[in-house]
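J.: Next input, structure requested:
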Amino acid sequence: MNKQNIVIIDYEAGNVQSVKFALERLGVSAEITNCEETIRKADKVIFPGVGEATWAMNALKKNGLDKLIPQLKQPVLGICLGMQLMCEQSEEGNTKGLGIFPVETLRFPAEDKVPHMGWNQIKQLKGKLFEGIDVESFVYFVHSFYVPLNDYSAAETYYIRSFSASLQKDNFYACQFHPEKSGDIGQQILSNFIKL
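T.: Predicted structure coming up:
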């Protein structure tokens, strides 16, 4: 892959090292940073996240990242909690999100085991992130909250109900699943993002 300036946003709520290692397996090096100038200058930005929404939003606000991320013009990939924070609002702690996607993140009803953990098939694949990915490929999820299907859904899956496995709007891409933990399929998705 051609040399690019890839940045992984560090706000102490990310699975940043596993994302960095997944990129290294593709021969891509990435810088982990919370520096506004470095993030603005990057060719691609990855916004991972694990943990609780309110705490994570407060961590973003400490460095002004809550204002910066929605302004970015280069391709941005949100992962798991990162995707949820890119939405308008989350039921987790009644947290106001970044408002990139005008949808709400909801809590799974307790009709089955929550959190949803494990491998699920994705379908209704749309956009360049899923080029070369077979419909009904398996990817790895760990989450207690979900984004309902909406106009920006780029992939869907089913657990308790159908929901968005991925979102896309303009230069913003997002996965509820963890591409860095999803084997060859996840590697292909990360590769597709780097090639955007």
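J.: is the most centrally placed residue in the chain in a bridge, and if so with what?
T.: When Cα atoms, centre = their mean is applied to the chain, the residue found nearest the centroid is I79 (1.9 Å). Residues in a beta bridge with I79, per DSSP bridges, are C175.
J.: distance of it from Q4?
T.: Distance of I79 to Q4, computed by Cβ to Cβ, to the nearest Å: 18 Å. In this view, the C-beta of every residue, glycine as well, is placed from N, C-alpha and C.
J.: Parallel or antiparallel, which strands does the longest strand out of those in the chain pair with?
T.: Assignment by DSSP state E gives strand 161-169 as the longest strand of the chain. According to DSSP bridges, strand 161-169 forms sheet pairs with strand 153-159 (antiparallel), strand 172-175 (antiparallel).
J.: So for stretch 86-93, what gets flagged as buried?
T.: 86-87, 89-92 (16 or more other Cβ atoms under 10 Å).
J.: actually stretch 172-184, not the one I wrote
T.: Neighbour-count burial for stretch 172-184 [16+ other Cβ under 10 Å]: 172-182.
J.: so which pair among those residues is furthest apart in space?
T.: With distances taken as Cβ to Cβ, the most widely separated pair in those is F172 and K181, at 21.6 Å.
J.: re the thing from before, kindly reformat the strands paired with strand 161-169 as JSON lines containing distance to K128 and mean pLDDT.
T.: Putting the strands paired with strand 161-169 into JSON lines (distance: least, Cβ to Cβ, whole Å; pLDDT from 0 to 100) gives the following:
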{"stretch": "strand 153-159", "distance to K128": "10", "mean pLDDT": "98"}
{"stretch": "strand 172-175", "distance to K128": "9", "mean pLDDT": "98"}
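J.: what ranges do the strands span in this protein?
T.: 6-9, 30-33, 44-47, 76-79, 87-90, 95-96, 101-107, 116-122, 137-143, 145-146, 153-159, 161-169, 172-175.
J.: Residues touching the lengthiest helix in the chain, excluding its own?
T.: Assignment by DSSP state H gives helix 183-195 as the longest helix of the chain. The contact list for helix 183-195 (Cβ atoms under 8 Å, 6 or more residues apart in numbering) reads 1, 4, 6, 22-23, 25-26, 28, 44, 46, 75, 77, 128-133, 137-140, 173, 175, 177-180, 182.
J.: Is it possible to mark the buried ones in those?
T.: Using 16+ other Cβ under 10 Å, the buried ones in the contacts of helix 183-195 are 6, 22-23, 28, 44, 46, 75, 77, 129-130, 133, 137-140, 173, 175, 177-180, 182.
J.: gap between the residue of the chain positioned farthest from its centre and Y159?
T.: Centroid-distance maximum for the chain: E111 at 25.2 Å, with Cα atoms, centre = their mean. Distance, E111 to Y159, by Cβ to Cβ: 10 Å.
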